[in-house]
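Trainee: predicted model and sequence follow; I will ask about them next.
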Amino acid sequence: MKTRLTLVAAATLLAAAHGASAATVAGTQITNQASATYTDSTGTKTVQSNVVVTTVQQVASLTLNNGTAKSAAAGATVTYSHTVTNTGNGPDSFTLSQTSTGALAMTGVVFYLDADGNGAPDNMTPVTSTGQLAPGASYKFVAVATLAAGSTTGNTNTMVVKATSGFLGTATATSTDTTTVGAGAAIDITANSSGAAAPGNGVGPEAAPLDNKNTIAGAMTSFTIYLNNTGGSQDTFALAASTDGSFGGLTLPSGWTVVFKDANGQVITNATVAAGANVKVTAEVTPAAGAAVGITDIYFRAQSTTNPLVLDRIHEAVTIVAGESLLELVKTQGLDADCNGVIEGELTKDPISAAPGACIRYHIVATNKGLTTMNAVVITDNVPANTTYHTGAAAQTLLGSILAPLAAGVVTTVSATGFNLTPSQSNTLDFGVKINP
C-alpha cells in the first residue's frame with residue numbers, strides 16, 4: 001500500500017497589526033507550527049508538530065534630518081532645526097551632542113526643545129537628551145550658536161550634530177550644519193513702495209508722518225509698508241507698533257489695536273526677508289471706540305530676531321474725525337507703455353516716468369470707513385492736461401455705471417456713479433489716459 005504525505009508550515013505573526021513595512025516591536029513572540037497530512041488504507045489523516053516560539057529582540061535605529069547651510073554676520077546668532085526619529089523597534093532615548101571645526105569659531109552652542117517645529121526655541125531651558133521615544137516617534141529641537149565677534153568674512157564653521165541611542169551606544173546618526181561669515185542683514189522700512197526712492201528710505205523714524213490716514217473712532221484704517229533687507233544675509237524681523245517713536249514702552253493708546261498682515265492677508269508677527277529683497281506688509285490700525293478727535297502719531301518697527309541692533313522705524317499718523325460717515329479715497333497709477341490696457345509693473349502711489357505716446361492707467365478705490373451706509377456715491381477723476389482719454393481700454397467700475405467720453409478729447413472727466421456703500425464696502429474706478437505725442 002502506498003502512502004501519500006504532504007507537509008504544511010503555518011506561522012502566526014502576532015505583530016501583523018504594525019504592517020508589513022513596519023519594524024516588529026521588541027518582545028513580540030513569533031509562533032510557528034507545522035502540519036502534515038497523509039493517506040493510508042484507512043483514509044486521510046493530519047498530524048501537528050510541536051510549536052516553536054521566537055521572541056523578537058530590540059534593535060536600535062534612528063534618523064536625524066539633513067543639515068542646512070546659513071550665512072550670518074560676525075557676532076550674530078544662528079539657529080538650526082533638527083528632528084530625531086526613533087526608527088528602532090523598541091522605546092529608546094537619544095543623547096544629543098555636537099562638534100565644531102573650521103576657521104570660524106562658534107561659541108555657546110546650546111540645544112533647545114522646538115516641539116512645534118517652527119525653528120525657534122520653545123523655552124530657554126537647554127536639553128541634552130530626547131527623553132524616551134516610542135518606536136516611530138520624533139523629537140524636534142534647535143541648535144543655537146553665536147558666531148565669534150570679529151570673525152573674518154568668508155570663514156566657515158562645520159557643526160556636526162549627533163544623536164546616540166541609549167539602548168545601544170554604537171547606534172548613532174549625525175547631521176552637518178555649515179555656517180559662513182557674510183555681510184549681516186540690514187533693514188529699511190518704506191511706505192507704499194520699495195526701493196531707494198520710496199518714501200521713508202533711510203534710517204528712521206522720520207520727523208513728520210509719511211501718511212496721515214483719516215478715520216473715525218472704532219473704524220480700522222491701514223498702512224502699506226515694505227521691509228527692505230539691504231544687507232547681505234537673510235533674516236527674520238519682528239514687527240511692532242507704538243505711539244512712542246523710541247519704543248521705550250511699546251505703547252498704544254488704550255483700546256487701540258494694530259494687526260500686521262502679509263501679502264496674502266495672513267496675520268503675522270514677524271517676516272523673513274532674503275538679502276537684497278523686500279516684503280510687503282499691511283498694518284491695520286483700529287482706534288478705540290471712544291477715541292478723541294485729533295491726530296495720533298504711530299510708529300512701526302521691524303527688528304532682527306538674531307541681532308536686536310538691526311532695526312528700523314517708520315513714522316505714520318492717524319487722524320480721528322468727527323461723525324459716523326467717512327469716505328476714504330486712494331488713487332494709484334501704473335505704466336501701460338504699449339496702451340493695451342494692462343500695466344507693465346505694479347500700481348503705485350509714487351511718481352512714474354513715461355514717454356510721449358505711452359498710456360497711464362489710474363486705479364481709484366473708494367471705501368466706506370464709517371459706521372453707516374453711504375448713498376448715491378460718485379467717484380470722479382479728471383483727464384489730466386497733456387493727455388487724452390484712452391478709448392482703447394474702457395473705464396471700469398465694480399458698482400454702478402461709468403460716465404466717460406466716447407472719444408478722446410470730448411470731455412475731461414471720468415466718473416463711477418449710482419452706487420451705495422455699506423460700512424467697510426469699497427468700489428473702484430479704473431481708466432487710462434494717453435500722453436499726447
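Mentor: That came in fine, so what should we check first? Residues are numbered from 1 along each chain as shown.
Trainee: from here on, just use CA atoms for contacts and neighbour counts.
Mentor: Fine.
Trainee: quick check: residue 226 touching residue 187?
Mentor: No. Using C-alpha atoms under 8 Å, residue 226 is not in contact with residue 187, being 9.9 Å away.
Trainee: out of these two, which sits in the more crowded spot?
Mentor: Taking other C-alpha atoms under 10 Å, residue 226 and residue 187 do not tie; residue 187 has more neighbours (27 against 21).
Trainee: so who does that one touch?
Mentor: By C-alpha atoms under 8 Å, 6 or more residues apart in numbering, the contact set of residue 187 is 227-231, 302-303, 310-312.
Trainee: before we move on, what about residue 386?
Mentor: Residue 386 makes contact with 435-436 under the criterion C-alpha under 8 Å, 6+ apart.
Trainee: quick check: it vs residue 332, distance?
Mentor: When distance is defined by C-alpha to C-alpha, to the nearest Å, residue 386 is 19 Å away from residue 332.
Trainee: now swap in residue 59 and tell me
Mentor: Separation of residue 59 from residue 332 (C-alpha to C-alpha): 66 Å.
Trainee: any low-confidence regions in the chain?
Mentor: Scanning the chain with the threshold set as pLDDT under 70 gives 1-22, 40, 49, 408-411.
Trainee: domain parsing for it?
Mentor: Following automatic domain parsing, the chain resolves into domains at 4-55, 62-181, 187-320, 327-435.
Trainee: quickly find the element holding residue 158.
Mentor: Element membership for residue 158 (DSSP states H and E) is strand 156-165.
Trainee: oh sorry, the question was meant for residue 379
Mentor: strand 374-382.
Trainee: now do that strand: which elements does it pack against?
Mentor: The contact analysis (3 or more C-alpha pairs under 8 Å, 6 or more residues apart in numbering; DSSP states H and E) places strand 374-382 against strand 413-421.
Trainee: what is the orientation angle of the strand it packs on with strand 374-382?
Mentor: Angle between the axes of strand 413-421 and strand 374-382 is 160 degrees (criterion: axes from the mean of the first three to the mean of the last three C-alpha atoms, to 10 degrees).
Trainee: list the buried residues in stretch 58-75.
Mentor: Residues of stretch 58-75 classed as buried: 58-64, 67, 70-75 (neighbour count, 16 or more other C-alpha atoms under 10 Å).
Trainee: likewise for stretch 342-359?
Mentor: With burial defined by 16+ other C-alpha under 10 Å, the residues of stretch 342-359 counted as buried are 342-343, 347-348, 358-359.
Trainee: just stretch 388-408 next, same as before
Mentor: Residues of stretch 388-408 classed as buried by neighbour count (16+ other C-alpha under 10 Å): 388-391, 393, 395-397, 399-402, 404-405, 408.
Trainee: dump the contacts of residue 187 into TSV; add neighbour count, secondary structure and distance to residue 120 as well.
Mentor: Output for the contacts of residue 187, formatted as TSV (neighbours: other C-alpha atoms under 10 Å; DSSP: H, G, I helix; E, B strand; the rest coil; distance: C-alpha to C-alpha, whole Å):
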residue	neighbour count	secondary structure	distance to residue 120
227	26	strand	21
228	25	strand	23
229	25	strand	21
230	20	coil	24
231	19	coil	22
302	24	strand	18
303	22	strand	16
310	17	coil	19
311	21	strand	20
312	21	strand	23
